[in-house]
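*Asks:* Sequence plus predicted model, see below.
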Amino acid sequence: MEHSAPVKRVAILGSTGSIGRSALAVVDAHPGRIAVVGLAAGENAVRLAEQVRRFRPRAVAMATEPALAVLRTALADQGAATVQIAGHGGAGLVALATRPDVDMVLCASSGTAALEAVLAAIEAGKAIALANKEVLVMAGHLVMAAARRHRVPILPVDSEHNAIHQCLHGRRADEVRRLILTASGGPFRGLSTEALSTVSADDALQHPTWKMGPKITIDSATLMNKGLEVVEAHWLFGVPADRIDVVVHPQSVVHSLVELRDGSVIAQLGVTDMRLPIQYAFSYPERWDAALPSLDLAHLGRLDFEHPDRDRFPCLGLAFRALRAEGALPAVMNAANEVAVEAFLAGRLAFAGIPDLIERTMDACEGTGGRPADTLAAVREADAWARAYARTRLPG
Ligand code: MG
């Protein structure tokens, strides 16, 4: 190996999920470049214990005390008593993410639990690789202001934002006319409004191009995933809502594009494998080899693009509305969406009920004059209010 950069020491929040496992595959492929210092997981103690045995982190955290108890037993069985337990819940994530021996925190946990940990890590000067959307959707203003204050890079792992980061590399903000996010369109791209009314959670969990967890897979089916990504792109790249566009691209080969002021369009293409954007975030500003297959365009034959249908998939329009309103409306939208997706997965809400519930919650927030998002407490309050409100509006 001919590199001289020091080993990057990472903490992975959400190590047992889909992104976390891909990240550990990247670590596996580059043992001289990345070392795992901390691992945090939700409830999957058995898989976390396997990861501890394989990657020998110094500290671990889990979501709950019972999960930690299972982990302790599993670790004792395998004689891995040297790993430190950083804690559980939000405090465990903060303890892990702010350790002095951590250089970079990969935030790959789902949901909103990691928000405090990401802010604490930024304040402790850690570089952030961000795979979680909720952190920026809820508190993009706070997170980006903290990152600027502490001169900490936020490297996007979400494939679209990672693509835009690559397309923007070395360009000035005034060169950029428009960001264009690609969307696979999800499993229901071609369905009529009528057909959409009867789709089940099982139908939605069959994603055509990406293998992901259930929440993001449903978000991908409703296009809320793309809506959250529009908000995310606004905060990451400082581009206003009216200069962010979405184009449906079913093959998911063009990961996103940037249009420059002279009309040139720069795109990033690649195989659909999350190891690629994760490795980019780990290696940036370097590039490392990867054991992924080359993109075979001739084999693909064609790349298709179409406008998203905002009538059949209202979540995209709701996200643009939330972003334009600013304040806590994006956090309110996100919280209502989590309640709606949970209810849909449990068979308590129809597919079309998802955007309805989100819209009603957003209307109720704006109807009472909106809510601020200028402090973490205000964001958490708006999030809690929206969850409670949305739950009272669930059928049955
Ligand atoms: Mg994405």
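*Replies:* Sure, I can see it.
*Asks:* Give me every residue in the stretch 101-250 of the chain lying close to the ion.
*Replies:* Contact residues (C-beta under 5 Å from the ion) of the stretch 101-250 of the chain with the ion: Asp158, Ser159, Glu160. Placement of C-beta: from N, CA and C, glycine included.
*Asks:* ok, the last one - contacts?
*Replies:* Going back to what we said before, that points to Glu160. The neighbours of Glu160, taking C-beta atoms under 8 Å, 6 or more residues apart in numbering as the test, are Leu181, Thr182, Glu229, Ala233, His255, Ser256.
*Asks:* By neighbour count, which of the residues you listed wins?
*Replies:* Sorting the contacts of Glu160 by how many neighbours each has (other C-beta atoms under 10 Å) puts Glu229 first, at 30 neighbours.
*Asks:* Let's see the distance spanning stretch 189-203 from one end to the other.
*Replies:* This stretch, stretch 189-203, spans 12 Å end to end (C-alpha to C-alpha, to the nearest Å).
*Asks:* just for the stretch 201-350 of the chain, where's the confidence low?
*Replies:* In the predicted model, the stretch 201-350 of the chain carries pLDDT under 70 at residues 207-211.
*Asks:* All the strands of it, in order from the start?
*Replies:* Remark: strands assigned in the stretch 201-350 of the chain by DSSP state E, counting those that start in this stretch are 244-248, 254-260, 265-269.
*Asks:* and among the ones you listed, the most buried is which?
*Replies:* Per residue and on average, the most neighbours among the strands of the stretch 201-350 of the chain fall to strand 254-260, with a mean of 21 (mean count of other C-beta atoms under 10 Å).
*Asks:* Just checking: what are the partner strands of that one?
*Replies:* According to DSSP bridges, the neighbouring strands of strand 254-260, each with its direction, are strand 176-183 (antiparallel), strand 265-269 (antiparallel).
*Asks:* Is there proximity between that strand and the ion?
*Replies:* No. Using C-beta under 5 Å from the ion, no contact is recorded between strand 254-260 and the ion, whose separation bottoms out at 8.3 Å.
*Asks:* Would you check the distance separating that strand from the middle of the chain?
*Replies:* Between the centre of strand 254-260 and the centre of its host chain there is 19 Å, according to C-alpha atoms, centre = their mean, to the nearest Å.
*Asks:* likewise stretch 119-128?
*Replies:* The gap between where stretch 119-128 is centred and where its chain is centred comes out at 17 Å by C-alpha atoms, centre = their mean.
*Asks:* Buried residues of it, list them for me.
*Replies:* Neighbour-count burial for stretch 119-128, with 16 or more other C-beta atoms under 10 Å as criterion, is recorded at Leu119, Ala120, Ala121, Ile122, Ala124, Lys126, Ala127, Ile128.
*Asks:* Let me know the secondary structure of the second one.
*Replies:* Spelled out, that is Ala120. Counting by DSSP: H, G, I helix; E, B strand; the rest coil, the backbone at Ala120 sits in helix.
*Asks:* I'd guessed it sits against Ala97; true?
*Replies:* Yes. The criterion here is C-beta atoms under 8 Å, and Ala120 meets it with Ala97 at 6.0 Å.
*Asks:* can you list the contacts of Glu160 in TSV and add distance to Arg47?
*Replies:* Shown next, in TSV, are the contacts of Glu160 (distance: C-beta to C-beta, whole Å):
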residue	distance to Arg47
Leu181	32
Thr182	31
Glu229	27
Ala233	32
His255	28
Ser256	31
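*Asks:* if we take these, which one ends up nearest to the ion?
*Replies:* Out of these, the one with the shortest distance to the ion is Glu229. That distance is 5.5 Å, counting by C-beta to the ion.
*Asks:* which non-adjacent residue is nearest the most centrally placed residue in the chain?
*Replies:* Within the chain, the residue whose C-alpha comes closest to the C-alpha centroid is Asn132; the distance, by C-alpha atoms, centre = their mean, is 2.7 Å. Distances taken as C-beta to C-beta, 6 or more residues apart in numbering place Cys107 nearest to Asn132, at 4.8 Å, with adjacent residues excluded.
*Asks:* If that neighbour is in a bridge, with which residues?
*Replies:* Beta bridges link Cys107 to Leu13, Leu130, judged by DSSP bridges.
*Asks:* Would you mind giving the secondary structure of Leu96?
*Replies:* Counting by three-state DSSP, the backbone at Leu96 sits in helix.
*Asks:* Return the residues in contact with it.
*Replies:* With contacts defined as C-beta under 8 Å, 6+ apart, the neighbours of Leu96 are Ala11, Leu13, Gly38, Leu39, Ala40, Ala59, Val60, Ala61, Ala86, Gly87, Val102, Ala117.
*Asks:* Which members of the residues you listed define the maximum pairwise distance?
*Replies:* Gly87 and Val102 (14.8 Å; C-beta to C-beta).
*Asks:* Looking at these two now, which is surrounded by more residues?
*Replies:* For the pair Gly87 and Val102, the greater number of neighbours falls to Val102 (22 against 19), based on other C-beta under 10 Å.
*Asks:* tell me the contacts of that one?
*Replies:* The contact partners of Val102, taken as C-beta under 8 Å, 6+ apart, are Arg9, Val10, Ala11, Val37, Gly38, Leu96, Ala121, Lys126.
*Asks:* I'd like to know how many residues surround the second one.
*Replies:* Read that as Val10. 25.
*Asks:* Which residue, other than its chain neighbours, is closest to it?
*Replies:* The shortest distance from Val10 to any residue other than its chain neighbours is 4.8 Å, reached at Met104 (C-beta to C-beta, 6+ apart).
*Asks:* I'd guessed the one you found sits against Val7; true?
*Replies:* No. Here Met104 lies out of contact with Val7, judged by C-beta under 8 Å, at a distance of 11.1 Å.
*Asks:* So between the two, which is more surrounded?
*Replies:* Under the neighbour definition other C-beta under 10 Å, Met104 and Val7 were set side by side, and Met104 has more, 22 against 12.
*Asks:* next one: phi and psi at the more buried one?
*Replies:* Listed backbone geometry of Met104 is phi -140, psi 140, with angles given as degrees, to the nearest 10.
*Asks:* Next up, the contacts around it.
*Replies:* Contact criterion C-beta under 8 Å, 6+ apart gives Lys8, Arg9, Val10, Ala11, Lys126, Ala127, Ile128, Ala129, Phe282 as the residues in contact with Met104.
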